[in-house]
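Peer 1: Generate coordinates for the sequence data below:
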Amino acid sequence: MSDDGLPEAAETYLRALDAELSEIPPDAAREIVADVRAHIADALDSGRDIAEILAGLGAPGAVAGQAREELGLPVQDGAERAARTLSVVAVAAGVLIAVCVSFLLPSAVPVDPLGADSGEQGLVRRFGPGIALLTLLPALLVAAPLVLQGRARGAARFAGAAALALFACASGEIGLYYFPLALVAGAAALVPWAMRRGAGGRWWRYLTGGFVAMPGVLVTVATAGGSVGVGWVGAALWIAGPLVVGALCAYGIRAGYAVTALAGALVMISAMAERGFLFAAFWLFGGLYLAIGAGAYAASQPAGGEPAGTPGSPAPARPAPAPGG
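Peer 2: This is a model prediction of the structure:
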């Protein structure tokens, strides 16, 4: 039980509701949370069970969404879901990069200060497992918004994206590895911010589709000019694939965004497996497509949400006191 007599389940619900109201003006958000708190207290006094009360209220996201509608603000629960999706993608990318830096860095990028006799040993073998924990710090940085509450989440996303961008630009060869993570972290901060302000629309789909299709267009032009020769496999991989996926993205079909993100991740993994002269180009190319595809996929998620316990029926954002019976 909390200090004012509410069960812990009610306090957990109220904390989640406050977090969902993070973009609503603070005074209005406090008033809504206070109204819901009073509604729960009145319902408990009338003898109702806490599980029944919370089910009747609906999911915190649905309550917050209707509050935004009543205040004339854009519905934002979809934006928060997009932010969480991108944060999860960023954490996965951060772990992948940490593995690459810890075990493969000397094989891919010469680091002279480490000594000429280090050979092909990875950083972990040369300096011990503690180095792996250090390389995981960027992944922990982008994971922070997943555990923070309320307005701190948005601030943490922007701060993490800025810190990673500075690190990627100022750390030389090692920073190159973290550039894709900086891109995904930037998408996790900017995509929900843009969604809440109604940015995007048809022009954004066309821009994304054109960017995704660009490799296919370039290879087609080079092949027609005779400067590049591709077989059937190359034509399918480098011409037909980007053009088809770009068309899906331009039409706003989510499968196109998902394929773009997956292709970017596979290019990064392939660059790790086949480290060569063009490693940096493929690594950055894969990271860019991962960020673009994941960002567009997250932004295209439905904005609505169903209340818990009462599918399909919206819950009131400012509930009236429960009847005495």
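
Peer 1: what ranges do the strands span in the stretch 51-200 of the chain?
Peer 2: In the stretch 51-200 of the chain, no segments count as strands under DSSP state E, counting those that start in this stretch.

Peer 1: Low-confidence regions, it specifically.
Peer 2: 73-77, 104-129, 131-132, 150, 198-200 (pLDDT under 70).

Peer 1: Return the set of buried residues in stretch 29-41.
Peer 2: Across stretch 29-41, burial judged by 16 or more other Cβ atoms under 10 Å covers 29, 32-33, 35-37, 39-41. Where you see a C-beta, it was placed from the backbone N, CA and C, and this is true even at glycine.

Peer 1: same thing with stretch 173-193?
Peer 2: 174-193.

Peer 1: Now for P138: which residues touch it?
Peer 2: 94, 97-98, 164, 167, 178, 181 (Cβ atoms under 8 Å, 6 or more residues apart in numbering).

Peer 1: picking up where we left off before, sort out for me which of the buried residues of stretch 173-193 are in helices.
Peer 2: 174-193 (DSSP state H).

Peer 1: And the average pLDDT for stretch 268-281 is what?
Peer 2: Averaging pLDDT along stretch 268-281 gives 79.

Peer 1: With only the CA atoms kept, save that stretch in CSV.
Peer 2: In CSV, the C-alpha atoms belonging to stretch 268-281 read as follows (Å, rounded to 0.1, in the frame of the first residue of the first chain):
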residue,chain,number,x,y,z
MET,A,268,27.1,-4.7,-41.4
ILE,A,269,27.4,-8.4,-40.4
SER,A,270,28.8,-9.2,-43.8
ALA,A,271,31.4,-6.4,-43.4
MET,A,272,32.4,-8.0,-40.1
ALA,A,273,32.8,-11.4,-41.7
GLU,A,274,34.6,-10.3,-44.8
ARG,A,275,36.8,-7.4,-43.6
GLY,A,276,38.6,-5.9,-46.6
PHE,A,277,39.5,-2.7,-48.3
LEU,A,278,35.9,-1.5,-48.5
PHE,A,279,35.0,-2.4,-44.9
ALA,A,280,34.4,1.2,-43.9
ALA,A,281,32.1,1.9,-46.9
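
Peer 1: who's in contact with A144?
Peer 2: 156, 160.

Peer 1: centroid residue for the protein?
Peer 2: L86 (0.7 Å; Cα atoms, centre = their mean).

Peer 1: Brilliant, that's me finished.
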